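Asks: please find the sequence and the predicted model below.
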Amino acid sequence: MIVGIVGGGQLARMLALAGCPLGLKFIFLDPDPEACAAPLGQHLRGRYDDWALLARLAREVDVATYEFENVPEESIGVLSELVAVHPNANVLAVARDRLREKALFRELAVPTPRFAAVHTRADLERAVAKIGLPAVLKKRTLGYDGKGQAVLRSAGDFDAGWARLGGARSILERFVPFDREVSLIAVRGGNGEILFYPLAENTHRDGVLRFSVSRPGDPMQALAEDYARRLLDTLDYVGVFALELFQVGETLLANEMAPRVHNSGHWTIEGAETSQFENHLRAVLGWPLGPTTARGYAAMVNFIGVEPDAAQVLAIPGVHLHAYGKAARQGRKLGHATLRAENARALHAGLDRLLALASPVKEAHDHRDSTESRVA
Ligand code: AMP
């Protein structure tokens, strides 16, 4: 079987790494000549809206998927007319637009921070009057990893915030003083079966995920599953899905969803019975899903901008290194390491060492209990 992936970055690469043992072959569509998935399959080099290339991809694969939500929705629409694409085109249309996504949360009674559409500079004042301050202005589309966002604390921030987003159609959200951030990774098969991984507790800096710790048995698991299930069933979703949530007291507020394998689920490669990558492939191929149970304690640390020395990383007990084969650039995700341990004490000891290697600047990392992170 041949799987087509729109996008050839590290998520496509890890999908291919999971698919090789299953006997699968891969074709990636990506404009980047250096696409890091390319060594693991065939690389169709071109734009995501190159109709001829999309048609060629459709001809050559049995099923197609995408590795990120910033693909034009028309491209996935066109592809869907030629070959089976999972998750479906409607899912992408909702997930790539923060306003439609939040509207769906509200429709399904999934709590979310207060929000309002901001399409003009004049809308901004009206939205602030409705939402209050502090608030976060975010581009409706094409923002990721904290890009295309501005925090507004007082009226003096409005002009700079609006200019920073380039006057793009946006959404204003109430800034949430959360206790912690968590994400739920789920997988839904073609027959409607849904399995959930244990919640991951996530720490971001400057809007970018730094590390995740899996929390099997977390008291918020059932509530998060209930919210995710409503979304998955409504969207007739097939594949792996991520729901990012803010916890405030005993409540969860949905921040965003991702229609794909997710950075906060990388720990599942070694930390779960079946990784999110393998389960995504099983789902889109209509194969039985694999168990999502955790194997002991697990965590994941991203390598951003700099890759620590491999020998030093591998000297940490229970560590697994994943280098993406990308050229180093500031702010770029270059790789990650998963840590596995038999008990929490060993996990956190390893995590201290790994975080010290991953961050060139010395900083305090609180990962033993609830973590603290805020928009810069
Ligand atoms: P996003 O791109 O929406 O996932 O935002 C990136 C990160 O910015 C989140 O993981 C949070 O750490 C932070 N953030 C985003 N929106 C809010 C909000 N409304 N209140 C507080 N923090 C936020």
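Replies: Structure received. Residues are numbered from 1 along each chain as shown.
Asks: residues in contact with Val71?
Replies: Residues in contact with Val71 (CB atoms under 8 Å, 6 or more residues apart in numbering) are 6-7, 48, 92, 96. In short, each C-beta sits where N, CA and C put it, glycine included.
Asks: and the nearest residue to Gln276 once chain neighbours are set aside, how far from Phe105?
Replies: In space, and not counting its chain neighbours, Gln276 is closest to Gly265: 4.1 Å by CB to CB, 6 or more residues apart in numbering. Relative to Phe105, Gly265 is positioned 20 Å away (CB to CB, to the nearest Å).
Asks: with Ser75 instead?
Replies: Counting by CB to CB - Ser75 and Phe105 are separated by 25 Å.
Asks: quick one: the helices in this structure?
Replies: In the chain, the helices defined using DSSP state H lie at 10-19, 51-60, 73-82, 89-95, 98-107, 121-131, 158-164, 221-234, 268-271, 276-284, 310-314, 344-358.
Asks: mind checking which of the ones you listed is nearest the ligand?
Replies: If you check each of these against the ligand by CB to the nearest ligand atom, helix 98-107 wins as the nearest, at 7.5 Å.
Asks: pLDDT averaged over the closest one - what is it?
Replies: For helix 98-107, the mean pLDDT works out to 98.
Asks: relative orientation of that helix and helix 221-234 in degrees?
Replies: Angle, helix 98-107 to helix 221-234, by axes from the mean of the first three to the mean of the last three CA atoms, to 10 degrees: 110 degrees.
Asks: let me know whether helix 98-107 sits next to the ligand.
Replies: No - figure legend: helix 98-107 not in contact with the ligand (CB under 6 Å from any ligand atom); closest approach 7.5 Å.
Asks: could I get the buried residue list for that helix?
Replies: By neighbour count on 16 or more other CB atoms under 10 Å, the buried set for helix 98-107 is 98-99, 101-105.
Asks: which strands or helices does that helix pack on?
Replies: helix 89-95, strand 115-118, strand 170-174, helix 221-234, strand 251-258 (3 or more CB pairs under 8 Å, 6 or more residues apart in numbering; DSSP states H and E).
Asks: list the contacts of the last one.
Replies: Contact partners of strand 251-258, identified using CB under 8 Å, 6+ apart, comprise 69, 95, 98, 101, 105, 110-113, 176, 178, 181-182, 220, 223-224, 227, 231, 241-246.
Asks: buried ones in it?
Replies: Result for strand 251-258 [16+ other CB under 10 Å]: buried residues 252-258.
Asks: quick check: phi and psi at Cys36.
Replies: phi -80, psi -10 (degrees, to the nearest 10).
Asks: and it, how far from Asn263?
Replies: Distance from Cys36 to Asn263, by CB to CB: 15 Å.
Asks: repeat that for Phe26.
Replies: Distance, Phe26 to Asn263, using CB to CB: 20 Å.
Asks: and the protein, which of its residues are near the ligand?
Replies: Proximity of the chain to the ligand, by CB under 6 Å from any ligand atom, involves residues 113, 136, 146, 173, 175-176, 181, 204, 207, 244, 255-256, 373, 375.
Asks: same thing but 8 Å
Replies: Residues of the chain that fall close to the ligand, judged by CB under 8 Å from any ligand atom: 98, 113, 135-136, 138, 143-147, 149, 173-178, 181, 202, 204, 207-209, 244, 246, 255-256, 373-375.
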